[in-house]
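Student: Here is my input, please return the structure:
(one chain, ligands or ions: 1)
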Amino acid sequence: MFDYIIVGAGFAGSVMAERIANVLNKKVLIIEKRNHIAGNCYDERIENILVHKYGPHLFHTSLKEVWDYLSNFTDWDIYNHRVLAFIDGQKVPIPFNFNTLYEVFPNELAKRIEKKLLENYKYNSKVPILELKKSKDKDLQFLADYVYEKIFVNYTAKQWNKKPEEIDSEVTARVPVFVGKDNRYFNDKYQGVPKDGYTKLFQNMLNHPNIKIMLNTGFKEVIKIEDKKIYFLNQEFKGKLIFTGMIDELFDYKFGKLPYRSVRMKFEIIEKKYYQEVATVNYPNNYDFTRITEFKHIHPIKTNKTIILKEYPQKYIKNKNTPYYPIFTKENQEKYNKYLEYSKSFENIILVGRLAEYKYYDMDDIVKRALEVFGEKIK
Ligand code: UDP
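Tutor: Okay, here's the model as predicted:
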């Protein structure tokens with residue numbers, strides 16, 4: 001029998017499984033509804049090009065302990081993500097920085113704004129667009145309006161079907177205005193992609209005799225919760241359930257549905273060596289997709305074909321598409337808090353992950369979180 005049952009084989013579930021197996025030498029069963037491990041990090045080769053099937057995953061962290069932990073399961077290719085935004089017919093670097101400034105404005109105007117930015121903010125600092133919008137200075141107000149209109153408002157409408165002000169300010173703060181010349185999308189100390197891909201990283205993590213994986217199995221097919229007891233295949237399970245799926249589904253939507261945002265992923269194989277200049281080009285104002293990613297820039301390979309991905313955000317509908325993002329509004333957070341409170345009345349359920357905690361965790365955040373939960377609630 002198993003000491004722990006884990007629902008979900010993404011980062012949250014896989015880190016927990018690995019720690020329980022290796023550190024505690026206990027037995028774990030992972031239940032996964034998809035036909036593969038690695039959650040949304042899952043990648044595979046198409047036409048020999050390594051493709052991220054659930055959208056671009058670029059690993060970046062400033063946490064040495066997370067980088068070191070994952071380095072037990074993979075070597076890394078150094079990769080620093082670059083994004084251009086297609087604005088008024090030009091592709092310019094984002095986060096919006098001094099290079100962008102000089103590309104979109106006449107020199108004199110750019111100089112004046114650069115000076116004002118340096119008078120008001122520290123060099124190499126990040127200013128969230130909603131912060132910049134509060135500026136009293138006329139030139140900075142002009143800049144804020146420009147960046148808001150050209151980069152944020154329409155992209156956010158496509159991505160979330162909301163105005164930037166309607167979602168938690170942390171969401172748009174992920175892509176700040178950058179007071180400096182760094183053209184990279186992230187500034188973290190450690191950045192890279194697993195040398196042989198994420199799927200291989202997960203295989204290495206889960207390759208342990210104490211870990212069994214049941215694929216193609218929705219948790220409701222094998223697990224029931226009744227009177228605060230957990231049943232696995234109709235027998236009472238006395239161990240702990242680590243749940244990384246949707247918290248509202250776990251508790252049968254008793255406080256109502258939590259909304260999520262989904263994305264339709266449209267891959268295209270193109271008979272060209274390269275399609276675009278960098279890995280990702282964002283299209284805030286044109287077309288119905290938010291961005292195009294070309295995987296060859298992330299995992300370089302010499303071939304005459306290339307593969308691109310167009311992302312079309314859409315509403316999450318159960319059994320129709322995949323829940324990718326929790327939607328950060330006050331109302332949704334309040335609903336989630338009800339589920340969280342309720343979950344505390346179960347001694348044998350541990351919630352961890354983007355869907356279970358209704359949080360916009362990046363990959364490094366969730367690895368850190370899973371290591372913490374292991375330390376606090378299991379070890
Ligand atoms: N965003 C935007 N325009 C852009 C890039 C980002 O408005 O060109 C906003 C948008 O609301 C988006 C958020 O910033 O959802 C976070 O962007 P990020 O690239 O971090 O999103 P992810 O890669 O997680 O989808």
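Student: give me the number of residues near the closest residue to the ligand within the stretch 51-200 of the chain?
Tutor: Going by C-beta to the nearest ligand atom, the ligand is nearest to residue 155 of the stretch 51-200 of the chain, at 3.3 Å. Every residue, glycine included, has its C-beta placed from N, CA and C. Residues lying near residue 155 (other C-beta atoms under 10 Å) number 22.
Student: What segments of the stretch 1-150 of the chain are strands?
Tutor: Assigned by DSSP state E, counting those that start in this stretch, the strands in the stretch 1-150 of the chain fall at 4-7, 28-31, 43-46, 49-52, 59-61, 76-78, 83-87, 90-94, 125-127.
Student: who wins for proximity to residue 13 among the ones you listed?
Tutor: Set against residue 13 and scored by C-beta to C-beta, the strands of the stretch 1-150 of the chain come closest in strand 4-7, at 4.5 Å.
Student: Could you pull out the buried residues of the closest one?
Tutor: The neighbour-count check on strand 4-7 (16 or more other C-beta atoms under 10 Å) flags 4-7 as buried.
Student: So the residue of the chain positioned farthest from its centre versus residue 338, what's the distance?
Tutor: Note on the chain: the largest C-alpha distance from the chain mean falls to residue 108, namely 38.7 Å (C-alpha atoms, centre = their mean). Distance, residue 108 to residue 338, using C-beta to C-beta, to the nearest Å: 55 Å.
Student: Residue 178 now?
Tutor: In terms of C-beta to C-beta, residue 178 sits 38 Å off from residue 338.
Student: Repeat that for residue 322.
Tutor: For residue 322, the distance to residue 338 - C-beta to C-beta - is 24 Å.
Student: Name the residues of the chain found near the ligand, please.
Tutor: Residues of the chain lying close to the ligand (C-beta under 6 Å from any ligand atom) are 85, 94, 151-152, 155-156, 159, 171-172, 174-175, 282, 284.
Student: So which of those residues is the closest to residue 47?
Tutor: Of the residues of the chain next to the ligand, the one sitting nearest to residue 47 (C-beta to C-beta) turns out to be residue 282, at 24.7 Å.
Student: Could you pull up the contacting residues of the closest one?
Tutor: By C-beta atoms under 8 Å, 6 or more residues apart in numbering, the residues touching residue 282 are 83-86, 94, 151, 155, 290-291.
Student: Could I get these in CSV, plus columns for pLDDT?
Tutor: Formatted as CSV, the contacts of residue 282 follow (pLDDT from 0 to 100):
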residue, pLDDT
83, 98
84, 98
85, 98
86, 98
94, 97
151, 98
155, 98
290, 98
291, 98
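Student: Go through those residues and name the one nearest residue 316.
Tutor: Taking C-beta to C-beta as the measure, residue 316 lies nearest residue 290 of the contacts of residue 282, at 15.8 Å.
Student: Look up phi and psi at the closest one.
Tutor: Reported as degrees, to the nearest 10, the phi and psi values for residue 290 are phi -90, psi -40.
Student: what residues are up against the residue nearest to residue 271 when sequence neighbours are not counted?
Tutor: Of all residues not flanking residue 271 in the chain, residue 305 sits nearest, at 5.9 Å (C-beta to C-beta, 6 or more residues apart in numbering). By C-beta under 8 Å, 6+ apart, the contact list for residue 305 reads 47, 49, 269-272.
Student: hmm, try it at 7 Å
Tutor: By C-beta atoms under 7 Å, 6 or more residues apart in numbering, residue 305 lies in contact with 47, 269-271.
Student: and it, how far is that from the ligand?
Tutor: 25 Å (C-beta to the nearest ligand atom, to the nearest Å).
Student: Now the closest residue in space to residue 236 that isn't next to it in sequence: phi and psi?
Tutor: Counting by C-beta to C-beta, 6+ apart, residue 236 lies nearest to residue 229, which is 5.8 Å off, once chain neighbours are set aside. With angles defined as degrees, to the nearest 10, residue 229 sits at phi -110, psi 150.
Student: Just the local confidence number for residue 229, please.
Tutor: Residue 229 is assigned a pLDDT of 93 by the prediction.
Student: Check residue 329 too.
Tutor: Residue 329 is assigned 88 on the pLDDT scale.
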